[in-house]
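1. okay, here's the prediction I keep looking at, along with the sequence it came from:
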Amino acid sequence: MKTFFKQQIFPLAIALFLCAFLVKFFTVYKLFTVNQPPLVVSGKKASFKGCDFNFDAGKDAELNLVGSLSDKTGVTIFGSSELSNETAYIPYNFLADTLGVRVNAFGHAFHQSYAIYAECLAMKENLNKAKICIILSPSWFETSGTNIEAFLEFVRPNFLRKIICDTSISRKEKAGIGEYLYMNRQLMETSNSKIDYLVNCYKFQNLPILNSYIFSKNQEFGNISYKLIENKTSRKIKTNVHWNNSFKKVQNDFLQHATSNKIFVADSYYKLNFNTGHKSGSFSAIGTNSQEFKDFSLLLDLLEKNNADVSIVIQNLNPYHYSHLDRFNPTLNKIISLLNEKNVPFLNMFTPNKKEYIPGTLNDVMHTGDLGWLKINKFIVDTYYAEK
């Protein structure tokens, strides 16, 4: 009886278990799908200047990013809430209108390093020699990294599709996106087949047979390509701006007409936020090995590997409002060390010291003012357009 069990029943049970597992696997992970045809996203032109605060506009916003990165004479700016500032001095207005430089900016609040990384990964084929300026905020490094709501807002389904289908993107890079999605899955309201695919790339990366099978199914999503029929490029660039005179003018305008309070923020902002009296903020203590720093390092590695012409602006926070800004110094030193190591030009506008802070650099407690924008404009011109 024991022999019969070992030779007949036990192998049959194992076989039935494996069959049930495989059926469950292929059902749950939806790997029996029909190949999708390639998708071509086309348009007549991309904008010469402006900011796409996210990619909700669909193909027009996506084409603006493709067009901006493809125009090697212009500049692509990635940033966060400061890009919403309406002023003639913001680069996508000033550089375009005054100097004839094409500038497209992308981002609003919570647009941080990992979302920018995923966008650039999707645009990998356009990164070579693209002029990319990333505006970092110290407040990013108070967080635990890009939140999932912001990621899904900026890394749209077409970008995920591009990441899945681009064979030049490594399994490790795809699994990395999958790990982020997997770790944040409980915070998502819904999922989709692209998210499921990338999550599976992560979950089964250490099972060679299943891992290879999953990656072989990427074309079931259908590759995606972007085609611009027209792409307006920069005109003749003028660099003879009298920067110092402009700095003095906008600072005087701010001090004489925009602010009358002791923390040097615009009166309109002060009245809205501190009408019952100013209450100071405090910068959070953060570790130098934060997730945001890891994400920023990953982003720089991607841009370096793909020969992008990247530069970095490190914004300030208002030391008349925030206490303990010196808590950012250890992380700032690591950022600067990394930039120097990679020979990335940067503009460091951060200071925790009231005596070193120049009023007008910020319009409020954290968002760039006209003086700050002018200094960023000069940095971009000096970095990319100065005669060498």
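-> Perfect, I can see it now.
2. so where's the protein uncertain?
-> Filtered on pLDDT under 70, the chain yields the residue ranges 1-35, 235-236, 388.
3. so what's the most centrally placed residue in it up against?
-> Residue closest to the average C-alpha location in the chain (C-alpha atoms, centre = their mean): I116, at 1.8 Å. Taking C-beta atoms under 8 Å, 6 or more residues apart in numbering as the contact definition, I116 lies against 78, 107, 134, 154, 299. C-beta coordinates here come from the backbone N, C-alpha and C atoms, glycine included.
4. okay, those residues in CSV with secondary structure, neighbour count and distance to V241 next?
-> What follows is the contacts of I116, written out as CSV (DSSP: H, G, I helix; E, B strand; the rest coil; neighbours: other C-beta atoms under 10 Å; distance: C-beta to C-beta, whole Å):
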residue, secondary structure, neighbour count, distance to V241
F78, strand, 25, 24
G107, coil, 26, 25
I134, strand, 23, 23
F154, helix, 26, 32
L299, helix, 24, 30
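5. ok so T239 is a helix residue?
-> No. Judged by DSSP: H, G, I helix; E, B strand; the rest coil, T239 forms no part of a helix; its state is coil.
6. where's it relative to E387, distance?
-> Per C-beta to C-beta, to the nearest Å, T239 is found 8 Å from E387.
7. of these two, which one has the most company?
-> Neighbours of T239 and E387, each counted by other C-beta atoms under 10 Å, are more numerous for T239; the result is 12 against 4.
8. any idea how far the more buried one lies from V381?
-> If you go by C-beta to C-beta, the gap between T239 and V381 works out to 6 Å.
9. who touches both of those two?
-> When C-beta under 8 Å, 6+ apart defines a contact, the residues bordering T239 and V381 alike are L99.
10. distance of H367 from Y269?
-> Distance, H367 to Y269, by C-beta to C-beta: 9 Å.
11. err, L302, not the other one
-> 36 Å.
12. returning to that earlier point: neighbour-wise, which of H367 and Y269 wins?
-> Counted by other C-beta under 10 Å, H367 and Y269 do not tie: H367 has more neighbours, with 21 against 18.
13. could you find the closest non-adjacent residue to the more buried one?
-> With C-beta to C-beta, 6 or more residues apart in numbering as the measure, E82 is the residue that lies nearest to H367, at 4.9 Å, once sequence neighbours are left out.
14. make CSV from the contacts of I116 and add distance to E173 to it.
-> Listed next are these as CSV, based on distance: C-beta to C-beta, whole Å:
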residue, distance to E173
F78, 19
G107, 22
I134, 19
F154, 17
L299, 12
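15. what ranges does the stretch 201-350 of the chain have for its helices?
-> The residue ranges that make up the helices of the stretch 201-350 of the chain, judged by DSSP state H, counting those that start in this stretch, are 208-216, 243-253, 267-273, 291-305, 329-341.
16. scratch that, the stretch 1-150 of the chain is what I was asking about
-> Counting by DSSP H, counting those that start in this stretch, the stretch 1-150 of the chain forms helices over residues 2-4, 10-28, 59-70, 91-99, 113-122, 148-154, given from the N-terminal end onward.
17. quick one: buried residues of the third one?
-> Along helix 59-70, the positions that meet the burial threshold by neighbour count (16 or more other C-beta atoms under 10 Å) are 61-70.
18. of those residues, which is the nearest to E341?
-> If you rank the buried residues of helix 59-70 by distance to E341 using C-beta to C-beta, L69 comes first, at 24.5 Å.
19. picking that back up, I'd like to know how many residues surround the residue nearest to H367.
-> Other residues near E82 number 24, with proximity taken as other C-beta under 10 Å.
20. again with Y213
-> By other C-beta under 10 Å, the residues close to Y213 number 16.
21. one more: Q291?
-> Q291, neighbours per other C-beta under 10 Å, totals 16.
22. what's the closest of the buried residues of helix 59-70 to A130?
-> Proximity of the buried residues of helix 59-70 to A130, judged by C-beta to C-beta, is greatest for L69, which lies at 4.4 Å.
23. I'd assumed A130 was in contact with the closest one.
-> Yes. The pair L69 and A130 qualifies as a contact (C-beta atoms under 8 Å) at a distance of 4.4 Å.
24. overlap in contacts, these two.
-> Taking C-beta under 8 Å, 6+ apart as the contact criterion, the residues that touch both L69 and A130 are T76.
25. give me the contacts around stretch 242-257.
-> Outside of stretch 242-257, the residues within contact range by C-beta under 8 Å, 6+ apart are 89, 266, 358-360, 369-371, 374-375, 378.
26. again, only using 10 Å
-> Counting by C-beta atoms under 10 Å, 6 or more residues apart in numbering, stretch 242-257 makes contact with 87-89, 94, 98, 258, 264-267, 358-363, 369-375, 377-378, 381-382, all of which sit outside it.
27. list buried members of the residues you listed by neighbour count.
-> With neighbours counted using 16+ other C-beta under 10 Å, those contain these buried positions: 89, 94, 258, 264-266, 358-363, 369-375, 377-378, 381.
28. narrow the residues you listed to those in helices?
-> Among the buried ones among the contacts of stretch 242-257, the subset assigned to helices under DSSP state H consists of 94, 370-375, 377-378, 381.
29. let's have these in CSV, adding distance to K248.
-> As requested, these are exported to CSV (distance: C-beta to C-beta, whole Å):
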residue, distance to K248
F94, 17
D370, 12
L371, 9
G372, 14
W373, 15
L374, 10
K375, 12
N377, 15
K378, 13
V381, 18
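30. wait, what's in contact with S113?
-> Listed by C-beta under 10 Å, 6+ apart, the contact set of S113 reads 78, 134, 136, 140-141, 145-146, 291-300.
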